[in-house]
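Trainee: mind folding the following:
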Amino acid sequence: MKAGSGYSRVIGKIILGAALAVAIAPPGVVLGQSNPPPAGATPDAGTSTDLYIMVGSDFDRPGLVAKANYNIGIGHTFGFLKKDPFGDELTFSYTYEDAGGGFWHSQFGSDTESFGIMKNFGLPKTKRVSGYTWLQGGITTFTGYPALQNHFYDGESLGAVVHFNDHHAIWIQETFNKIVTVPWYTTTSIGYTRSW
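Mentor: Numbering: from 1, shown residues only. Next up, the predicted model:
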């Protein structure tokens, strides 16, 4: 039990460390550029890489039992997917959720690694706020039991992005979550995004 539980936490820490290093580094360093590209040679403005850190609360069903939910991940928007009806941004996320009796943390945790596809879209009459849909699938590992329990995870989100500038934004989202053998639950999250 401890080896598997530690493995999930080590993976989470590696992702967190890499994500924070990328978030703190200036965009030119991350992209390997020492100077901005010359005029006329700029890349497609519709592509970007997003690093996101979100915190929220699950509301488990039946009832409205609140549980802590922490999410970190990275996504990249691809220009050639702009017209794809399902999405234009591929994502990878790590999520920790408290699955025990408390709110913040207990020995019973839920660690999820998921891949997803996000569809970004503009909203009428505003450039400061945009919307997105996000479909995710992955594996959830329940820890704190005599043996680790792995189950398929499905998440479907609808959200809004408040853009401060080209590099900083706040995401606000509502997610419908389903893990095999667990009742469905929703997660309300807010988070910071660094784009380059």
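Trainee: low-confidence ranges, this structure, go.
Mentor: 1-46, 60-64 (pLDDT under 70).
Trainee: can you pull out the strands in it?
Mentor: Assignment of strands within the chain using DSSP state E yields the ranges 48-60, 65-77, 89-98, 109-122, 129-142, 149-163, 168-179, 185-195.
Trainee: tabulate these (a markdown table), appending mean neighbour count.
Mentor: Any C-beta I mention is one placed from the backbone N, CA and C, and that applies to glycine too. Formatted as a markdown table, these follow (neighbours: other CB atoms under 10 Å):
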| stretch | mean neighbour count |
| --- | --- |
| strand 48-60 | 19 |
| strand 65-77 | 19 |
| strand 89-98 | 20 |
| strand 109-122 | 18 |
| strand 129-142 | 18 |
| strand 149-163 | 16 |
| strand 168-179 | 18 |
| strand 185-195 | 18 |
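Trainee: who wins for proximity to residue 83 among these?
Mentor: Proximity to residue 83 (CB to CB) singles out strand 109-122 among the strands of the chain, at 10.8 Å.
Trainee: quick one: strands adjacent to that closest one?
Mentor: strand 89-98 (antiparallel), strand 129-142 (antiparallel) (DSSP bridges).
Trainee: which of those strands sits closest to residue 52?
Mentor: Nearest to residue 52, of the strands paired with strand 109-122 and by CB to CB, is strand 89-98 at 8.1 Å.
Trainee: before we move on, the earlier item: which one of the strands paired with strand 109-122 lies closest to residue 186?
Mentor: Using CB to CB, the strands paired with strand 109-122 put strand 89-98 closest to residue 186, at 12.2 Å.
Trainee: and the contacts of the closest one?
Mentor: 11-12, 15-16, 50, 58, 67-78, 81, 104-106, 108-120, 132, 134, 136, 138 (CB atoms under 8 Å, 6 or more residues apart in numbering).
Trainee: check stretch 49-62 too.
Mentor: 19, 22-23, 30, 65-77, 89, 97, 103, 171, 173, 177, 183-196.
Trainee: with stretch 156-165 instead?
Mentor: By CB under 8 Å, 6+ apart, stretch 156-165 touches 120, 123, 127-136, 169-176, 193.
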